[in-house]
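Undergrad: quick one: sequence and predicted model below, then my questions.
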Amino acid sequence: MSPRRALILVPPLLALLAAPGHADTPGGVQAKNKAVDGEKVYRQICAACHMPNAMGSGGGAIPALAKNRKLADPAYPVTIVTKGKGAMPPMSDMLSPAQVAAVITYVRTHFGNAYPQPVTEADVKRIARPGRSAE
């Protein structure tokens with residue numbers, strides 16, 4: 001690597017070192033302590049992997065959320081979001097139960113999904129309790 005190229009990389013690397021560790025979340029957003037808005041959470045956190053149109057990755061490592069029948073039962077996405085599965089990391093340390101409920105409700109009512117029953121914070125707390133796992 002040339003000295004000039006190394007100098008270009010130093011400021012961004014120093015910024016990463018100076019940032020608090022809890023700020024390192026998908027989408028580069030500190031999710032805790034943010035307003036509860038499912039669309040906003042999706043855009044800031046989920047869209048980085050599931051894509052803005054919720055179509056996921058072409059190779060299948062990141063599943064499409066659009067027109068996804070697995071979202072019909074709220075327990076499935078709540079468990080996946082809070083505990084993780086496969087390439088999906090657990091988000092329970094990054095998102096509050098209210099944010100999890102809001103983003104799942106948003107996804108279940110958008111992207112060609114028609115599951116209008118809202119997911120509540122109480123649902124998330126009940127479903128995500130210790131001992132439950134994803135399929």
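TA: Sure thing, it's come through.

Undergrad: pLDDT-wise, which helix or strand of this structure ranks last?
TA: helix 3-18 (a mean of 42; mean pLDDT, DSSP states H and E).

Undergrad: please name every helix or strand in contact with the helix or strand that comes right after that one.
TA: Following helix 3-18 in sequence order, the next helix or strand is helix 38-41 (DSSP states H and E). When contacts are defined as 3 or more CB pairs under 8 Å, 6 or more residues apart in numbering; DSSP states H and E, helix 38-41 packs onto helix 97-108. All C-beta spots, glycine's among them, are computed from the backbone N, C-alpha and C.

Undergrad: now the one residue sitting closest to the centre of the chain: phi and psi?
TA: Against the mean C-alpha coordinate of the chain, by CA atoms, centre = their mean, the closest residue is residue 46 at 3.9 Å. In terms of degrees, to the nearest 10, the main-chain angles of residue 46 are phi -80, psi -40.

Undergrad: so it makes contact with residue 104?
TA: No. Using CB atoms under 8 Å, residue 46 makes no contact with residue 104, being 10.0 Å away.

Undergrad: okay, angle between the helix or strand residue 79 falls within and helix 97-108 too, please.
TA: When elements are assigned from DSSP H and E, residue 79 belongs to helix 75-83. Using axes from the mean of the first three to the mean of the last three CA atoms, to 10 degrees, the inter-axis angle of helix 75-83 relative to helix 97-108 is 130 degrees.

Undergrad: need the CA coordinates for helix 75-83. PDB is fine.
TA: Once non-C-alpha atoms are left out, helix 75-83 reads as follows in PDB (Å, rounded to 0.1, in the frame of the first residue of the first chain):
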ATOM      1  CA  ALA A  75     -43.900 -15.700  16.700                       C
ATOM      2  CA  TYR A  76     -41.600 -16.600  13.800                       C
ATOM      3  CA  PRO A  77     -40.200 -13.100  13.000                       C
ATOM      4  CA  VAL A  78     -40.100 -12.100  16.700                       C
ATOM      5  CA  THR A  79     -38.000 -15.100  17.500                       C
ATOM      6  CA  ILE A  80     -35.700 -14.600  14.500                       C
ATOM      7  CA  VAL A  81     -35.200 -10.900  15.200                       C
ATOM      8  CA  THR A  82     -34.600 -11.200  18.900                       C
ATOM      9  CA  LYS A  83     -32.600 -14.500  18.900                       C
END
